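Peer 1: Could you work out the structure for the sequence below:
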Amino acid sequence: MQRVAPVLPLIFVSLLAAVWSGWLRIGWHLPLPQAGARHGGLMVHSFLASLIFLERAVTFKKGWWLILPFGNALSLVAFACNQPQIAQWLLVGGSLGFSAMCIYFTYKYGELYYFVFLAGAFCLVGGNLVLLKTHSYPTASTWWLGFLLFTIVAERL
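Peer 2: Take a look at the predicted model:
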């Protein structure tokens, strides 16, 4: 538990920020209105992806894998400081790291569900690269939904 303690507050605050930005998107008048435009990045990445990365990273004996969810969750800070370009680069790095983790698991164990995780990881990378290039959340969201779908299916397998 001590190994994961530093990343948990970031993930929890990411959830709160994602919920806040969702409220803004449905029309509530709250402070920090620019957060509403970042709802997808906050919910899918800063919160959900960081939590999924953390879940996978704790299975490794080497603690340095915990850099992956921590770096991904740091995107929250960049989003909060109105630095979306930095946040997007953190998300690209996180998704590439998760892809490397999935490739390792696929190579080592060769189980079907690791291939499904890998497909989800590639969707996440694809969506993040689309976002980085186009700055269009709607364009990237289809890829992100693929990540969530493949991850849920892999967890069920």
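Peer 1: isn't residue 136 right up against residue 142?
Peer 2: No - assessed by CB atoms under 8 Å, residue 136 is found out of contact with residue 142, at 10.8 Å. In this view, the C-beta of every residue, glycine as well, is placed from N, C-alpha and C.
Peer 1: before we move on, which element is residue 88 in?
Peer 2: helix 84-109 (DSSP states H and E).
Peer 1: I'd like the average pLDDT over whichever helix or strand comes after that helix.
Peer 2: Next helix or strand after helix 84-109 toward the C-terminus (DSSP H and E): helix 112-134. Average pLDDT, helix 112-134: 94.
Peer 1: and helix 112-134, how far out from the chain's middle?
Peer 2: How far helix 112-134 lies from its chain's middle: 10 Å, per CA atoms, centre = their mean, to the nearest Å.
Peer 1: Show me what that helix is packed up against.
Peer 2: Contact here means 3 or more CB pairs under 8 Å, 6 or more residues apart in numbering; DSSP states H and E; on that basis helix 112-134 packs against helix 84-109, helix 137-156.
Peer 1: tell me the angle of the first one relative to helix 112-134?
Peer 2: Following axes from the mean of the first three to the mean of the last three CA atoms, to 10 degrees, one obtains 160 degrees for the angle between helix 84-109 and helix 112-134.
Peer 1: Could you do the last one as well?
Peer 2: Taking the same axes, to 10 degrees, helix 137-156 and helix 112-134 form an angle of 170 degrees between their directions.
Peer 1: How about helix 137-156, which residues are buried there?
Peer 2: 137, 140, 143, 144, 146, 147, 148, 150, 151, 154 (16 or more other CB atoms under 10 Å).
Peer 1: cool, and the longest one?
Peer 2: By neighbour count, and taking 16+ other CB under 10 Å as the criterion, the buried residues in helix 84-109 are 84, 87-88, 90-99, 101-102, 105-106.
Peer 1: Spit out the contact partners of the residue nearest to residue 146 when sequence neighbours are not counted.
Peer 2: The shortest distance from residue 146 to any non-neighbouring residue, by CB to CB, 6 or more residues apart in numbering, is to residue 123 (3.5 Å). Contact analysis of residue 123 by CB atoms under 8 Å, 6 or more residues apart in numbering lists 143, 144, 146, 147, 150.
Peer 1: Right, I'll leave it there.
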